[in-house]
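Trainee: Everything below, folded, please.
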Amino acid sequence: MRRRRRIAVGLLVVVLLVAGVSEARRHWPGAVRTGSAAAHGARILRYDVRSRFVHRTLPQVAAVPRGGGSARRPLLVFLHGRGSDGQESNANGDFFAALAALGTRAPAVVFPSGGESSYWHPRADGDWARYVLDEVIPQAIKRLHADPRRVAIGGISMGGYGAFEIARLRPTRFCAVGGHSPALWLQAGDSAAGAFDDAEDYGHNDVLAIARKRGRAAWGTARLWLDGGTQDPFRSGGDAFAAALGIHMRHWPGKHEGNYWRTHYASYLGFYASALANC
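Mentor: Numbering: from 1, shown residues only. Okay, the predicted model is just below:
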């Protein structure tokens, strides 16, 4: 009976994740280009990373906000949720409007591709964390002329989990780490199909267990952020993670869907800009 319940919970989460991705795509007007109104003055770059860690070539989207003088901007790595073209779902007009509102405080941003359901961790098909740490970030710094000493990482859903998973592997690398509606489960049996290879893989990459054992020290001195909708199916996992870290998790009205995230882009980017400015 317990096994059936766990399977049912896992299937429900997959349905909700797919629904969230589908909802986000309904509002996605297509690729934003430099010079378009949706770019809000940002220079948009698209390029590929040929990864030796995940054994494939993956598309990247990046943005350099308008203005800023001669100083190098900090870099924000923003990870997408479940979905093969997820990085494009965040490289949208609402995100770039929130970025432009920061003025000279706005970071450069890279939106890496994490495939359909990599969950951004080392697993059988490749080391997705090393791909971000040792390929995505160095190439983005070079292409965007960003400050290599001021880097933040965050993400939505799968990407929210991934940001904390990646950052705990290099706890001195990041000025800030953020999880927005992070995909977190209380135990392996509840996880969504495809999120982990098996229970052993889950155990090796269980950020909740790591936080319960080591607290926020596992993420060095980085500033930490967690938020989620009041009706988000991952709320219990997020609350447990926040408690283990000893931080406050913000809860705003909403579900696990694009409308919720777009509404709060400005808050997310304000947090990263503040952390990067004081790093």
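Trainee: Can you show me the helices along the chain?
Mentor: Per DSSP state H, the chain carries helices over the ranges 2-26, 86-90, 93-101, 128-131, 137-144, 158-169, 199-204, 207-214, 235-245, 258-263, 265-277.
Trainee: highest average neighbour count across those?
Mentor: Ranked by mean neighbour count, these are led by helix 158-169 with a mean of 27 (mean count of other CB atoms under 10 Å). No exception for glycine: its C-beta is placed from N, CA and C like everyone else's.
Trainee: would you turn the helices of the chain into a markdown table with mean pLDDT and distance to residue 35?
Mentor: Shown next, in a markdown table, are those (pLDDT from 0 to 100; distance: least, CB to CB, whole Å):
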| stretch | mean pLDDT | distance to residue 35 |
| --- | --- | --- |
| helix 2-26 | 40 | 24 |
| helix 86-90 | 83 | 18 |
| helix 93-101 | 97 | 12 |
| helix 128-131 | 98 | 30 |
| helix 137-144 | 97 | 18 |
| helix 158-169 | 98 | 28 |
| helix 199-204 | 96 | 44 |
| helix 207-214 | 98 | 40 |
| helix 235-245 | 98 | 38 |
| helix 258-263 | 96 | 22 |
| helix 265-277 | 98 | 21 |
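Trainee: could you dump these to CSV with distance to residue 190?
Mentor: Listed next are the helices of the chain as CSV, based on distance: least, CB to CB, whole Å:
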stretch, distance to residue 190
helix 2-26, 5
helix 86-90, 22
helix 93-101, 30
helix 128-131, 21
helix 137-144, 31
helix 158-169, 13
helix 199-204, 10
helix 207-214, 11
helix 235-245, 8
helix 258-263, 22
helix 265-277, 26
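Trainee: Compare those helices and give me the one nearest residue 45.
Mentor: With respect to residue 45, and counting by CB to CB, the nearest of those is helix 137-144 at 6.4 Å.
Trainee: So residue 94 is in contact with residue 269, correct?
Mentor: No. Look at residue 94 against residue 269 with CB atoms under 8 Å: they stay out of range, at 10.8 Å.
Trainee: which ones are touching residue 195?
Mentor: 117, 119, 158, 183, 202 (CB atoms under 8 Å, 6 or more residues apart in numbering).
Trainee: ok, the fourth one - contacts?
Mentor: Contact partners of residue 183, counting by CB under 8 Å, 6+ apart, are 13, 17, 81-82, 119, 157-158, 160-161, 192, 195, 234, 237.
Trainee: quick one: contacts for residue 253?
Mentor: 229-231.
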